[in-house]
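Trainee: everything below, folded, please.
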Amino acid sequence: MSKKNKKRFWHNFSEPKEDTVKRDREVEQSLRTIYGSEEGMPDLSHLEKKKSKRWIYFAVGIPMLIVMLCMAAWAGFLFFNSYKSLAAGKGLVLEIDGPSQVSLGEETTYSINYSNPLDEPLASVDMRVNFPSDFIVTEINPQTADKAMVWKLGDLAAEEKGTIMIKGRFIGALGTVSAIQAVATYRPASRTNGLEAMATKQVTYSGTVLEGMIEVPERAIPGDQVTIIYRLTNKAQNPLGKFEARIGLPEGFNLINATGSQDLLEGRVYKQELPILGANTSTEVKVIGTFALGFGGQAKVTAQAGTLGANNVFLPAQTSEANFPVLAGDLSLKLVVNGTDTTERSVGYGDNLQCAIGYENTANEPLKNVTIRLLLETVDLNNISTQQNYALVDWDKLQITASTTRQDQTLVWAPSKLNELKEITQRGNGSFEVNVPLLSQATGTGMAAVRATIFADIEGIGNSKIKRTIQIAPMIFKFKSDASLSAEARYYSEEGAPLGDGPLPPKVGQATRYRVYWAINKQVHALKDINVSGVLPRNVRFVTLATSTAGEIAYDPSSRTVSWRLNRLPEGVQNAEMEFDVELTPTASDDGKFVELIGSSNFQAYDENIKENILQVTKALSTDLQNDESAKGKGVVRK
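Mentor: Numbering: from 1, shown residues only. This is a model prediction of the structure:
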């Protein structure tokens, strides 16, 4: 390189270019703009590191964030806890405090307690209390202008409580089961929609303040005047009014006179309005009459005092009964059935009436050519005077002796076949028996009964020829419901489809499942309070409900009891069924045996038509499935 060129080369590196100088000046001007002040430029030849303030932000921000999160969590807890309480039915709480067993006519007090258990107020609280129609209110606190017993309570503060007190008297029918109900509507402060609370208390009319007694003669003779007196006493500390007395007169009794200005004879029932009965005061109703000639036997009088309910239905609050003998005069007759002369009782389908008929000459002369008849007719239980056109006696099974003749529904003992009836001496007596079978199943669907009446036809007394017929008060045999329970265990259905599971025959230590059937069948009467139950053995486990046409099934592990409950089976409903599964695990001691699956089944119900309880027991069910064609012979446990 020449000297001239070298000089030019070093010159380019040693002297700054114009654009570089210009850029340096712009940078300097920018720095002055940013950092310059009245005191001049700071020394930028070196920088000092400034301390960070982030720890302050963390120290203050994090606690604030925690506080905010806690507040949000607490608010959410309160909201959801309140919602959960409401959803679980823990909103407004109602309780009815008072006796569940009441005495008719006696003043009774009930308290309707309400409370708000929530931590928030309840708005627009309205309360309605429903009592039975036969409840007469005597005092309310606090008062309400609404005749329907509605209280507008308004707002309830958190944990606020209150009580509504109601006093009154029940005047319904003795033995009635009724209920009191309280219903409230309200709206929690945290919600926009309204809610409802309800409480119910069952009440049984188990007693009465009315005390009754019937006064009757020791005995009566047809044609003689007879007085029957019904005395009624109010044992309460308050007066009672609007009661009516009803006296059921005996068969063959003809009313001549009676007390009371507003009286009425309807069939064989005499009615009379009663005056207001003051506290611990009495009144009486008197009827006078005679028995028809030729009538004899036990006379039954029934007297009741009560009120008229809805649709003029009579609600008896007190009932009294009395019996006395009526001597037929010339001939005394007596009928005893199944060891008793009770004039009204219940019988079941398939029962037998073992009838004993006795007679005695009470005249002063011999009785000649006496014919005795036993009439067995079917009547409507609601109206005993109405005959039915079907028989409840199983005439095909009736066995009679040569001395007895049957004429339609009547059995006849005539002097032509019984010499002792040709002439019955003074104080002469005798008897004969007959067994009357009843039908084994119902033929109708209504309330039916057999009315048994004894008649005697007398053709002569001493040397006088007469035509006289004597009869005694009839006996009424009310038929119970024909309801029955059937119980069965199966492994296969009737079509052969498997219902059970597991080894068959059952094996020791292995589980086999079976299906148990309960069925209630009937033709007549309405049933209520129905309960079927059975106890499972220790090696049998309740599995599950299979199917049901009515009612509910329950299992109590402590007693190992399976229960099927139904509130009611009306007259028109003839059957109900329940199916459930059980599981058997045989033990070594069961080897070579049939094993029990469920103990005896108990069937209990109340017959609404004749007002009596029903109780039946069926035998226990085992692995011996005789009704299961596919499983028959496979019930003995194997190893």
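Trainee: hey, let's count contacts and neighbours off CA atoms from now on
Mentor: Fine.
Trainee: shaky segments in the protein?
Mentor: When residues are selected by pLDDT under 70, those of the chain lie in 1-63, 67, 69-90, 223, 260-263, 293-294, 328-329, 383-387, 444-446.
Trainee: domain map for it?
Mentor: Listed by automatic domain parsing, the domain ranges of the chain are 3-35, 93-208, 210-326, 331-479, 484-622.
Trainee: can I get the ones you listed in JSON lines with mean neighbour count and distance to residue 66?
Mentor: Shown next, in JSON lines, are the domains of the chain (neighbours: other CA atoms under 10 Å; distance: least, CA to CA, whole Å):
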{"stretch": "domain 3-35", "mean neighbour count": "10", "distance to residue 66": "41"}
{"stretch": "domain 93-208", "mean neighbour count": "17", "distance to residue 66": "25"}
{"stretch": "domain 210-326", "mean neighbour count": "18", "distance to residue 66": "69"}
{"stretch": "domain 331-479", "mean neighbour count": "18", "distance to residue 66": "78"}
{"stretch": "domain 484-622", "mean neighbour count": "18", "distance to residue 66": "50"}
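Trainee: export those to TSV and append columns for distance to residue 630.
Mentor: Formatted as TSV, those follow (distance: least, CA to CA, whole Å):
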stretch	distance to residue 630
domain 3-35	105
domain 93-208	48
domain 210-326	56
domain 331-479	31
domain 484-622	6
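Trainee: nearest to residue 635, out of these?
Mentor: domain 484-622 (5.5 Å; CA to CA).
Trainee: what's the straight distance from one end of that closest one to the other?
Mentor: Between the opening and closing residues of domain 484-622 lies a distance of 20 Å (CA to CA, to the nearest Å).
Trainee: try stretch 362-373
Mentor: Termini of stretch 362-373 sit 19 Å apart (CA to CA).
Trainee: dihedrals phi and psi, the spatially closest residue to residue 594 that is not a sequence neighbour?
Mentor: Spatial nearest neighbour of residue 594, chain neighbours left out: residue 636 (4.8 Å); criterion: CA to CA, 6 or more residues apart in numbering. Main-chain torsions, residue 636, degrees, to the nearest 10: phi -80, psi 130.
Trainee: okay, now the residue lying closest to residue 507 once chain neighbours are set aside: neighbour count?
Mentor: Among residues not flanking residue 507 along the chain, residue 638 sits closest, at 4.8 Å (CA to CA, 6+ apart). Residue 638 has 18 neighbours, counted by other CA atoms under 10 Å.
Trainee: spit out the contact partners of residue 638.
Mentor: 505-508, 591-592 (CA atoms under 8 Å, 6 or more residues apart in numbering).
Trainee: would you mind measuring from residue 338 to residue 433?
Mentor: When distance is defined by CA to CA, residue 338 is 11 Å away from residue 433.
Trainee: between the two, which contacts overlap?
Mentor: Shared contacts of residue 338 and residue 433 (CA under 8 Å, 6+ apart): 354-355.
Trainee: can you give me the helices for the chain?
Mentor: For the chain, the helices defined by DSSP state H occupy 3-14, 18-35, 54-87.
Trainee: was I right to think residue 289 contacts residue 229?
Mentor: No - with contact defined as CA atoms under 8 Å, residue 289 does not reach residue 229; the gap is 11.7 Å.
Trainee: got the phi and psi for residue 217?
Mentor: Phi and psi for residue 217, reported as degrees, to the nearest 10, are phi -70, psi 160.
Trainee: and residue 593, by the same measure?
Mentor: According to degrees, to the nearest 10, residue 593 has phi -130, psi 160.
Trainee: surely it meets residue 634?
Mentor: No - using CA under 8 Å, residue 593 makes no contact with residue 634, being 10.8 Å away.
Trainee: and the closest residue to residue 525 other than its chain neighbours, what does it touch?
Mentor: Excluding its sequence neighbours, the residue lying closest to residue 525 (CA to CA, 6+ apart) is residue 571, at 5.0 Å. Listed by CA under 8 Å, 6+ apart, the contact set of residue 571 reads 445, 523-527.
Trainee: quick one: residue 614 and residue 532 touch, right?
Mentor: No - applying CA under 8 Å as the test, residue 614 and residue 532 come out as separate, 11.5 Å apart.
Trainee: shared neighbours of those two, anything?
Mentor: 603-604.
Trainee: okay, the residue nearest to residue 594 and residue 226: tell me how far apart.
Mentor: Residue 636 is 73 Å from residue 226, where distance means CA to CA.
Trainee: residue 229 touches residue 301, doesn't it?
Mentor: No - in this structure residue 229 lies outside contact range of residue 301 using CA under 8 Å: 10.2 Å.
Trainee: strands of the stretch 301-450 of the chain, residue ranges please.
Mentor: Secondary structure of the stretch 301-450 of the chain (DSSP state E, counting those that start in this stretch): strands at 314-326, 331-337, 344-347, 352-361, 367-380, 383-387, 405-407, 410-413, 423-424, 429-437, 448-461.
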